[in-house]
Structure formats: C-alpha cells, structure tokens
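A.B. asks: Fold the following for me, if possible:
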Amino acid sequence: MSSKKQVLILCTGNSCRSIMAEALINAKLSECVKAQSSGVKASGKVNPHAQALLEKKGYWKSEYHSKVIETVLDTAFDLVVTVCDNAKETCPMFPKAVKTIHVAFEDPSGKAVWEYEKTLNLIKEKLLPIIKQELCQFNSSYKQF
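C.D. replies: Now for the predicted structure:
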C-alpha cells in the first residue's frame, strides 16, 4: 500500500479556513491523505469560533495550530491548495510541491457564528471531492463524506 499523500492548505492568517480544511480532510480522507495548513502571514492563533465548530463536529485535534509558511516549505507536498485570493497571489514557490490549485472560500471571521458552519460545509462540498480526485485515486477504501 502506498504511503499517504501530503496536501498543504494555504491561507493568509492560518486561523480559520485553512485550519477547518486541514481538520476536515484529515477527518474524512485520512486513509489516503495527510493534510497540513499554513499561512503566508500566519496570525499565530486559531479562530475560537472555527475551533469550537471543529470540536463540536469531532474534527478537532490538539495538534492543529496556526503556523507560518517557513515551517512547512521543506515538506514534500503532493498538492498545495490556496483557499483565499491573497494566499494565491503571495504563494511562494514550493521546491517540492507537485501541483498548486486555488479553491477560494469567503472568510467567516468576524461574521455570525452560523457563517463558520456554512464555510465548513462549502469546504466539504467543494474541496473534499477535488482532494479525493487529486490524491486518493490509488486507494479505493476512503470514507464517503
């Protein structure tokens, strides 16, 4: 069996969307993918509403935290996904990344709490099928979302 594919979810602050995507991918596609997240200008903290939602859904892991991009630049990612326009524009060249794609999501930060769940559902509907198609083709035993 092949080892897990590596995906990086890249955002600006690495406090909300990218953390939610990282947690969702690791919860739903863990048989074939290991997700990490980072920010081009990482805030250093996870949005408390995003964390509370992930905890409620059972997706949260204590290892999730906001990280600066330099901490992951040397990882051999199979795929890099930018989830906000700023990250797409400022995304550094990854020396070991195979492919970079852009799937944008609106930032729920500062909005009503239900906006976080809306964003999480959009990530589930839009991003998970792409990740599965890009990285899980070799493994037919993945979970359905």
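A.B. asks: Where does residue 38 sit: helix, strand or coil?
C.D. replies: On the three-state scheme (DSSP: H, G, I helix; E, B strand; the rest coil), residue 38 is labelled strand.
A.B. asks: so it touches residue 7, yeah?
C.D. replies: No. The criterion here is CB atoms under 8 Å, and residue 38 misses it with residue 7 at 11.4 Å. Just so you know, the C-beta spots here come from the backbone N, C-alpha and C atoms, and that holds for glycine as well.
A.B. asks: Looking only at neighbour counts, state which of the two leads.
C.D. replies: Between residue 38 and residue 7, counted using other CB atoms under 10 Å, the more crowded position is residue 7 (27 against 24).
A.B. asks: Look at residue 80 and say how many residues are nearby.
C.D. replies: 25.
A.B. asks: Can you show me the strands along this structure?
C.D. replies: Using DSSP state E, the strands of the chain run over 5-11, 33-39, 79-82, 100-102.
A.B. asks: most tightly surrounded among those?
C.D. replies: strand 5-11 (a mean of 26; mean count of other CB atoms under 10 Å).
A.B. asks: just checking, what packs against it?
C.D. replies: helix 17-28, strand 33-39, strand 79-82, helix 128-135 (3 or more CB pairs under 8 Å, 6 or more residues apart in numbering; DSSP states H and E).
A.B. asks: will you turn the strands of the chain into TSV that also has distance to residue 129 and mean pLDDT?
C.D. replies: Converted to TSV, the strands of the chain look like this (distance: least, CB to CB, whole Å; pLDDT from 0 to 100):
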stretch	distance to residue 129	mean pLDDT
strand 5-11	14	94
strand 33-39	13	95
strand 79-82	13	92
strand 100-102	12	88
